[in-house]
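S.K.: Next come a sequence and a model predicted from it.
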Amino acid sequence: MHPNNIFLNLQDKQTTMKKLTALILATLFYVNASSQCLPEGIDFTTQSEIDSFQVNYPGCTDILGSVTVNGIGINNLLGLSILTNIGGSFTIYYNDDLINILGVENITSIGGSLSINENHYLQTIGGFENLTTVDSNVTIYNNFHLEYFNTFENLTLIGGFLTIGNNGDLINLSGLENLTSIGGDLGIFHNWDLQNLNGLESLNHVAGEVGVLHNYDLINLIGLDSITSIEGGIRIDDNWSLISLEGIDNIDSDLIDYLYITGNSLLCDCAVESICGFFDGPHGNYSLNFNLQGCNTKEEVEEACETVSINEVTLSAQLSIYPNPFTTSTTFEYTLQQPSSVQISIFNHLGNQVAEIRKEQSEGKQQVIWNAEQLPSGVYFYRLQAGEQAASGKILLVK
């Protein structure tokens, strides 16, 4: 072959390679550019807009702006299943035909707030299984028929506050089990059927106030047990079925700025470690009123705290007490390693002994029933002595 032809062939190959490289780069740029879209955000006001999203914005998985869903007739979000990230806020509000929020399963992060508000027939949130972070606030508010979350299973961090309020059928907070930190207040209020706070077991830091208000079926605060640090105060108001502050025991009392416990008409047990520590320190900003005796004054709480510190010792008698709380009588069940003289002493919240039971019992599993029918509602403290074995703690009488 003529040398000139060889040279021309090399030039053609180099030109072809350059064109191919440019085409690949252009394609990659196009794919990346098309996956990131809508810097101005988008508002969905009809179901057809949601259904046609992938046709109107092919390859759009990462919306740079904010997204709102608000319209008559919107009954599902399945057309948004391609989305993986939202750079702004995601707001779902006033959609009375929306029963669930399936269709957002692939969203992993939200750069602004997540608001799910005023969807009056929404029964379950669902769909957010892959969401890991929300950089700002999370608000779940005024969804009157919302029964459960059962989602957010990978959400670990909320950069702002978490507000869960006015969700009339909500029973618990299951679905938030991996949430560890909230960058603002934690507010749980006006959830009339909320029975417990199960679902927040991993939460350890709240960079603001812990507020639990107007949850009329809530009995205790178990579910908040892992919270050790807060950067605000504690507000527990108008929870009419609340009988104990058990659940906020582990909050560092030195970090509690203020304490408001008011209007909890059955609450008589405020002597948990965090509250005892608060009153033992130099803190002065507090309010205690319209609760049951034992939680109405600083002096009542301090007396109960002294009783706790005196009577609570290491359990070594394999003891269980049921029911607790109880209405008329409760059963102490335990196992004796050898025949023993057993004495059970019962004290009220002021440390006065109100009952004593003495029995000679043989080795093995034993039961003692205590009838408190003649005593008023409140927190009582027991001390069980069986030979060299001892146990003590609280029991709660509610009539």
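M.R.: Okay, I see it.

S.K.: C-alpha only now, for contacts and for neighbours.
M.R.: OK.

S.K.: count of neighbours near the residue lying closest to G247 once chain neighbours are set aside?
M.R.: Leaving out its chain neighbours, the residue that sits closest to G247 by C-alpha to C-alpha, 6 or more residues apart in numbering is I222, at 4.0 Å. Applying other C-alpha atoms under 10 Å, we find 20 residues neighbouring I222.

S.K.: ok now stretch 344-357, how far from the chain's centre?
M.R.: 36 Å (C-alpha atoms, centre = their mean, to the nearest Å).

S.K.: contacting residues around it?
M.R.: By C-alpha atoms under 8 Å, 6 or more residues apart in numbering, the residues outside stretch 344-357 that reach it are 294, 300, 303-304, 307, 342-343, 358, 378-385.

S.K.: start to end distance for it?
M.R.: End-to-end distance for stretch 344-357, by C-alpha to C-alpha, to the nearest Å: 5 Å.

S.K.: And for stretch 380-395?
M.R.: For stretch 380-395, the end-to-end distance is 5 Å (C-alpha to C-alpha).

S.K.: Going by residue numbers, what spans are helices in the stretch 151-300 of the chain?
M.R.: 273-280, 298-311 (DSSP state H, counting those that start in this stretch).

S.K.: Pick out the shakiest of those helices, pLDDT-wise.
M.R.: Here the lowest mean pLDDT among the helices of the stretch 151-300 of the chain goes to helix 298-311, at a mean of 74.

S.K.: Check which element follows that one along the chain.
M.R.: strand 320-322 (DSSP states H and E).

S.K.: Mind checking the pLDDT average for stretch 103-122?
M.R.: 97.

S.K.: Assess the claim that the residue nearest to G247 and Q195 are in contact.
M.R.: No: using C-alpha atoms under 8 Å, I222 is not in contact with Q195, being 10.3 Å away.

S.K.: returning to what we had before: drop anything exposed from the contacts of stretch 344-357.
M.R.: 294, 300, 303-304, 307, 342-343, 378-385 (16 or more other C-alpha atoms under 10 Å).

S.K.: of those, the lowest pLDDT goes to which?
M.R.: Within those, lowest confidence goes to T307 (66).

S.K.: and L157, what pLDDT?
M.R.: 97.

S.K.: How much space separates it from T151?
M.R.: 14 Å.

S.K.: coming back round to it: looking at the helices of the stretch 151-300 of the chain, which is buried most?
M.R.: helix 273-280 (a mean of 20; mean count of other C-alpha atoms under 10 Å).

S.K.: what packs against that helix?
M.R.: With contacts defined as 3 or more C-alpha pairs under 8 Å, 6 or more residues apart in numbering; DSSP states H and E, helix 273-280 has these neighbours: helix 298-311.

S.K.: switch to 10 Å and redo it
M.R.: strand 259-262, helix 298-311 (3 or more C-alpha pairs under 10 Å, 6 or more residues apart in numbering; DSSP states H and E).

S.K.: Let me have the ones you listed in a markdown table, extended by distance to F347.
M.R.: Formatted as a markdown table, the helices and strands packed on helix 273-280 follow (distance: least, C-alpha to C-alpha, whole Å):
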| stretch | distance to F347 |
| --- | --- |
| strand 259-262 | 24 |
| helix 298-311 | 9 |
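
S.K.: Tell me which of the ones you listed approaches D252 most closely.
M.R.: strand 259-262 (13.0 Å; C-alpha to C-alpha).

S.K.: No further questions, thank you.
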